[in-house]
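Asker: Quick one, fold the following:
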Amino acid sequence: MDDHAGKSPHHLTINVTRRDDPVSEVTEADAFASVRKYPNIVVRGPLFGIAEQRRGDRPRWRMLGEPDTGFPQMARDELNSHLWFKAKDEAEDRAERRSLLDAVARLETEPVNEVRAAGVRYRIVRADEFARIGDGRLEPPRATDPDEDSWDPATPDPSRTEGFVIDHAAAVGLTEGIDRVGLLQLSYTADRFPADVRADSQRALTTHPGVVLLPPTFRVVERKELSWTMVTGQHSTPQGARRALVQHLTMRMPELPDLPDMPELPEWMKVDEKEAAVNERAAKKFTARRRPNELIVRGRRYDVVRVERVMRIGPDGPEKPRPSDVDEYGPSQIRPSMDEDGNVTYGS
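Answerer: Okay, the predicted model is just below:
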């Protein structure tokens, strides 16, 4: 900080503020106890999403949704569709629609990580997903994490990250401030990561020296002897993850009609009626409990775990994908062609 005379740059400022209201005090105490019980972290890898910066928001950026894909190109495709629908449904005139469609055209042909359209900057942003661990167990949900009790599979699970303002200098509680300081030097060092990944990770400590924590999410993992396997995607509440576990245990493949010359299903797709019955009973017992976070079924252990995402911040905002972040495919046309009058052309 001594290199910066006067006020510290926005991307280096961590503003720790004590709040005296009872809710904040309980949340702080819960967070402090959890960090002590689960003092280490396990990094799963990068996730990618989309952020926007509007006029007047500078230097802040705002998340457009969850960073929930492991490949930058998938996030670019999401941005492609987002801008196409804005051009179709929200553009107020031909000039605005043309600006949006020009950005779409770039995303269809170039693996770009930032575009400008209709006065807004859009960026593909990167975050590292990690969980805390202590005594060989991943951290479960905290008592103060937002939660609910419905087992109805149709219950909404709205994102807590959509609309999140990426503000490095925003006031945070003492525990989050300490957490962020502890994450400043987080990088990939294990031999299981390729050399270019480790080099990019080390370089990011200098190019993007700040860190911001996104709202936590929750997943179900299957605990193995020496590792964990992800069973569900991200959910905004622990109960959303619990509902996903029930669906995982009870969902069956739809029965196919018995047609002549129908090929036999592979073994992995066949329903084991005995196992299905065991899973049904386990799911029923699971849903009879209030906010359970673990389940053992025929020797297989499932845990609901708390997952955090840390985003690195530089002078120009959140980090983009790194050169070593690989894609399985390249850019392409996602939506039909559209002209600046909003006319859509389907087909060839």
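
Asker: what sits against residue 311?
Answerer: Going by C-beta atoms under 8 Å, 6 or more residues apart in numbering, residue 311 touches 125-128, 166, 211-214, 318-319. The C-beta positions use only the backbone N, C-alpha and C, and glycine is treated the same way.

Asker: Selecting buried members of those residues in ChimeraX, what would you type?
Answerer: Command for ChimeraX that selects the buried part of those, burial taken from 16 or more other C-beta atoms under 10 Å:
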select :125,126,127,128,166,211,212,214,318,319
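
Asker: Mind putting the contacts of residue 311 into a markdown table with pLDDT, distance to residue 179 and secondary structure?
Answerer: Rendered in a markdown table, the data for the contacts of residue 311 read as follows (pLDDT from 0 to 100; distance: C-beta to C-beta, whole Å; DSSP: H, G, I helix; E, B strand; the rest coil):
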| residue | pLDDT | distance to residue 179 | secondary structure |
| --- | --- | --- | --- |
| 125 | 98 | 20 | strand |
| 126 | 98 | 19 | strand |
| 127 | 98 | 15 | strand |
| 128 | 97 | 14 | strand |
| 166 | 96 | 16 | strand |
| 211 | 97 | 9 | strand |
| 212 | 97 | 11 | strand |
| 213 | 97 | 7 | strand |
| 214 | 97 | 12 | coil |
| 318 | 97 | 18 | strand |
| 319 | 98 | 18 | coil |
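
Asker: Now do the buried residues in stretch 34-52.
Answerer: Neighbour count says stretch 34-52 has 34-35, 38, 41, 43, 46-52 buried, by 16+ other C-beta under 10 Å.

Asker: just stretch 83-94 next, same as before
Answerer: For stretch 83-94, by 16+ other C-beta under 10 Å, it's 83-84, 86-88, 91.

Asker: I'd like to know which of the contacts of residue 311 is nearest to residue 230.
Answerer: Within the contacts of residue 311, the smallest distance to residue 230 is 15.3 Å, found for residue 128 (C-beta to C-beta).

Asker: Can you show me the helices along the stretch 151-300 of the chain?
Answerer: Along the stretch 151-300 of the chain, the stretches classed as helices by DSSP state H, counting those that start in this stretch are 174-183, 195-207, 238-250, 273-287.

Asker: Once you drop chain neighbours, what's closest to residue 148?
Answerer: Leaving aside its chain neighbours, residue 148 sits nearest to residue 239 (5.1 Å; criterion: C-beta to C-beta, 6 or more residues apart in numbering).

Asker: one step back: among the buried residues of stretch 34-52, which ones are in strands?
Answerer: Among those, the ones falling in strands (DSSP state E) are 41, 43, 46-52.

Asker: now, among those residues, which is nearest to residue 346?
Answerer: For these, the nearest to residue 346 is residue 50 (26.0 Å; C-beta to C-beta).

Asker: Can you tell me how far the closest one is from residue 89?
Answerer: Counting by C-beta to C-beta, to the nearest Å, the gap from residue 50 to residue 89 is 18 Å.

Asker: just to revisit the earlier point, what is the nearest of the ones in strands among the buried residues of stretch 34-52 to residue 104?
Answerer: Among those, and counting by C-beta to C-beta, the member closest to residue 104 is residue 50, at 13.8 Å.

Asker: The closest one touches residue 62, doesn't it?
Answerer: No: using C-beta atoms under 8 Å as the test, residue 50 is too far from residue 62 to be in contact (9.9 Å).

Asker: So for stretch 164-182, what gets flagged as buried?
Answerer: Buried-residue list, stretch 164-182, by 16+ other C-beta under 10 Å: 164, 166-169, 172-173, 175-176, 178-180.

Asker: centre of the chain versus it, how much separation?
Answerer: The chain centre lies 18 Å from the centre of stretch 164-182; the measure is C-alpha atoms, centre = their mean, to the nearest Å.

Asker: Going forward, the N-terminal residue is numbered 54.
Answerer: That works, and once the first residue is 54, the last one we named lands at stretch 217-235.

Asker: For it, measure first residue to last.
Answerer: Using C-alpha to C-alpha, to the nearest Å, one end of stretch 217-235 lies 22 Å from the other.

Asker: what does it contact?
Answerer: With contact meaning C-beta under 8 Å, 6+ apart, stretch 217-235 is reached by 63-72, 77, 80-81, 84-85, 88, 104, 113-116, 263-268, 364, 366, 370-371.
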